[in-house]
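In: my questions are about this predicted structure, shown below with the sequence.
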Amino acid sequence: LPCFHCPADERDAVTRIGITGHSNLTGNSAQVVRGALADALAPYSDGELVGISCLARGADQLFASAVLEAGGRVEVVLPSADYRENKVKPHERDSFDELLIRADSVRYMPHRSAGRAAYEAANRTLMSQADRLFAVWDGQPADGHGGTGDAVETARQRGLPVEVIWPDGVRRG
């Protein structure tokens, strides 16, 4: 509910943060990244926080969980109609579904099947709705369009502030 005792500029202070990041974090890297995301979100928890995620495994889901734990809201951008059925592994569906049902909104890109074009469309949509981008990224170039490195490059070209989160000791497979 809005606070009518606050000045209008404080009531409207919504921070919208998008996420891009690696899905293949190894070992205890996920726990380390989750802590780093919570720390990175802390400065934004005083106002209204909205996290925008495609809910891919790894960084995207860690970010969505951290946003919810910080008291924020999550908006989901799914790359395709078949994303859950074809890209979310059966043993990961419970955690995916839990985040999906806790989302304030879910938007599907107009693609029947997941793939590079769908991921690029989802990244463009996510970035168009964000004030800044968190990137759980090891700094390596993208292995193709739609990857983390590509998303970071696109965000920087658009002038979208990017905060790279890659704590010491984090690895990907």
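Out: That came through, no problem.

In: now for the strand ranked longest in the chain, which elements pack on it?
Out: For the chain, the longest strand by residue count, based on DSSP state E, is strand 14-21. Packing partners of strand 14-21 (3 or more Cβ pairs under 8 Å, 6 or more residues apart in numbering; DSSP states H and E): strand 48-53, helix 59-69, helix 116-129, strand 132-136, helix 148-158. Every C-beta, even on glycine, is put in place using the N, C-alpha and C of the backbone.

In: if you set the cut-off to 10 Å instead, what comes out?
Out: Strand 14-21 is packed against helix 29-41, strand 48-53, helix 59-69, strand 73-78, helix 116-129, strand 132-136, helix 148-158, strand 162-164, with contacts defined by 3 or more Cβ pairs under 10 Å, 6 or more residues apart in numbering; DSSP states H and E.

In: dump the ones you listed into CSV; add mean neighbour count, distance to Ile17 and mean pLDDT as well.
Out: Listed next are the helices and strands packed on strand 14-21 as CSV, based on neighbours: other Cβ atoms under 10 Å; distance: least, Cβ to Cβ, whole Å; pLDDT from 0 to 100:
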stretch, mean neighbour count, distance to Ile17, mean pLDDT
helix 29-41, 18, 7, 97
strand 48-53, 24, 6, 97
helix 59-69, 24, 8, 97
strand 73-78, 22, 10, 98
helix 116-129, 19, 10, 93
strand 132-136, 24, 5, 98
helix 148-158, 18, 12, 92
strand 162-164, 14, 9, 98
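
In: go through the ones you listed and name the closest to Gly173.
Out: When those are compared by Cβ to Cβ, helix 29-41 sits nearest Gly173, at 9.3 Å.

In: could you check the angle the closest one makes with strand 132-136?
Out: 160 degrees (axes from the mean of the first three to the mean of the last three Cα atoms, to 10 degrees).

In: so what's the spatially most central residue of the chain scoring on pLDDT?
Out: Central residue of the chain (Cα atoms, centre = their mean): Ile19, 2.8 Å from the mean position. Note on Ile19: pLDDT of 98.

In: tell me if I'm right that it and Ala66 touch.
Out: Yes - counting by Cβ atoms under 10 Å, Ile19 does reach Ala66; the two are 9.4 Å apart.

In: tell me, what's touching these two both at once?
Out: Counting by Cβ atoms under 10 Å, 6 or more residues apart in numbering, the contacts common to Ile19 and Ala66 are 37, 51, 74, 134.

In: show me which of the residues you listed is closest to Ala30.
Out: Distances from Ala30 to the shared contacts of Ile19 and Ala66, taken by Cβ to Cβ, are shortest for Leu37, at 10.4 Å.

In: got the contact list for that closest one?
Out: When contacts are counted by Cβ under 10 Å, 6+ apart, Leu37 touches 17, 19, 21, 51, 59, 62-67, 69-70, 134, 136, 165, 167.
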